[in-house]
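Colleague: only geometry, no sequence info:
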């Protein structure tokens with residue numbers, strides 16, 4: 001039994017960490033399922049104990065709760081019933097709160113039953129989140145007060161001292177307040193971490209020098225474009241640009257000027273492309289351009305225009321004028337060629353352009 005609990009705990013720890021990148025819903029789903037499993041085991045054990053001490057009414061309530069909690073665990077962990085998950089969570093919660101109300105009403109074993117309600121606030125917040133959790137906790141507090149303070153102990157089958165009643169309500173309310181504070185803090189931390197994660201992911205996909213998408217960011221856009229083109233029967237063209245003799249720029253003027261030239265080129269290209277086109281720094285002095293809804297025949301005049309634009313846009317630094325030219329290779333999309341093969345074919349065309357004189361646009365094929 002101990003080994004089983006350890007394995008389950010490790011599994012849930014791993015699942016919760018993996019789901020951190022998902023929506024808050026995933027956190028609530030897995031945590032609710034985990035509480036359902038633990039609550040089911042505890043309720044079942046308490047039910048057996050109640051039978052042994054001849055508290056059959058309590059035993060029936062505990063077994064029913066155990067069954068509902070275990071059922072909620074199984075359903076919440078199944079992707080087959082995703083659309084019912086929200087209702088299942090509330091079903092398990094109703095079972096748990098009903099058991100709590102019954103324990104207050106009956107007193108449980110030696111009037112110790114009400115002690116179990118202290119776990120409810122954290123469970124409710126785990127199941128429902130902050131806003132709905134606050135409402136449900138407030139409602140349960142009202143039910144607690146109603147059961148305890150109705151005249152003539154109408155809703156009680158046992159007797160509690162007056163001091164016990166007041167302390168039970170005050171201590172439970174304090175637990176609710178502390179649990180609410182913790183949940184609000186946890187939720188705010190989650191949102192901050194989520195924003196930071198989004199920020200870091202965006203930064204990791206942007207080239208620091210040119211502020212264009214880098215290779216990682218562009219690969220993501222290329223995959224999206226490829227899927228869209230396949231499903232909608234569209235076409236696009238990929239073009240690879242490479243600055244001619246860029247090593248000479250670095251050797252003659254230094255790497256700082258080389259960086260300035262790269263920024264100059266990225267600015268000129270960004271201004272020259274169409275609104276739907278996506279330009280990226282593919283690596284070093286190499287740029288990759290995605291031309292959506294553009295076949296190879298349509299791509300050539302666009303790429304030729306960009307080649308001329310770069311050729312005319314000299315880079316000026318003090319008294320120095322640097323002439324920049326590009327070699328360009330491009331490849332039209334085909335459903336028989338993978339995305340990686342397209343990039344490779346565009347690269348092959350680029351190398352042919354360099355080998356045959358540079359400063360030219362060359363198509364694959």
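Modeller: Received it, and whenever you're ready, just let me know what you need. It should be emphasised that the depicted structure is a prediction, and the values quoted were computed from it without experimental measurement.
Colleague: And the strands in the stretch 201-350 of the chain?
Modeller: Under the criterion DSSP state E, counting those that start in this stretch, the stretch 201-350 of the chain contains strands at 236-243, 278-283, 286-292, 315-317, 320-322, 326-332.
Colleague: what packs against the first one?
Modeller: Right, the one you point to is strand 236-243. helix 215-232, helix 255-272, strand 286-292, helix 296-312, strand 326-332, helix 339-355 (3 or more C-beta pairs under 8 Å, 6 or more residues apart in numbering; DSSP states H and E). From N, CA and C alone the C-beta is placed, and that goes for glycine too.
Colleague: Likewise for the last one?
Modeller: If contacts are counted by 3+ C-beta pairs under 8 Å, 6+ apart, strand 326-332 sits against strand 236-243, helix 296-312, helix 339-355, strand 361-363.
Colleague: Residue 187: which of the ones you listed is closest?
Modeller: Closest approach to residue 187 among these is made by helix 339-355 (39.3 Å; C-beta to C-beta).
Colleague: Residues contacting that closest one, please?
Modeller: 222-223, 226, 238-242, 244, 288, 327-331, 333-334, 337, 360-364 (C-beta atoms under 8 Å, 6 or more residues apart in numbering).
Colleague: pLDDT (mean, whole number) over that helix?
Modeller: Mean per-residue pLDDT for helix 339-355: 93.
Colleague: how distant is it from the center of its chain?
Modeller: Taking the mean of its C-alpha atoms, helix 339-355 sits 36 Å from the chain's own mean (C-alpha atoms, centre = their mean, to the nearest Å).
Colleague: just stretch 295-313 next, same as before
Modeller: Worked out by C-alpha atoms, centre = their mean, stretch 295-313 lies 40 Å from the chain centre.
Colleague: residues touching the residue of the chain most remote from its centre, list them.
Modeller: Ranked by distance from the centre of the chain (C-alpha atoms, centre = their mean), the top residue is residue 152, with 53.5 Å. Residue 152 is in contact with no residue at all, counting by C-beta under 8 Å, 6+ apart.
Colleague: Quick one, grab the pLDDT at it.
Modeller: Looking at residue 152, its pLDDT reads 87.
Colleague: Helix, strand, or coil at it?
Modeller: Secondary structure, DSSP: H, G, I helix; E, B strand; the rest coil: residue 152 is helix.
Colleague: what do you get for the one 5 residues further on?
Modeller: Applying three-state DSSP to residue 157 yields a three-state assignment of coil.
Colleague: show me the residues around it that make contact.
Modeller: Per C-beta under 8 Å, 6+ apart, neighbours of residue 157: 105, 106, 107.
Colleague: closest to residue 64 among those?
Modeller: residue 106 (14.2 Å).
Colleague: Next one, pLDDT for that closest one please.
Modeller: For residue 106, the predicted pLDDT is 85.
Colleague: Residue 79 now?
Modeller: Looking at residue 79, its pLDDT stands at 68.
Colleague: right, so the helices and strands packed on strand 236-243: which one is the most enclosed?
Modeller: Of all the helices and strands packed on strand 236-243, strand 326-332 carries the top mean neighbour count, a mean of 25, counting by mean count of other C-beta atoms under 10 Å.
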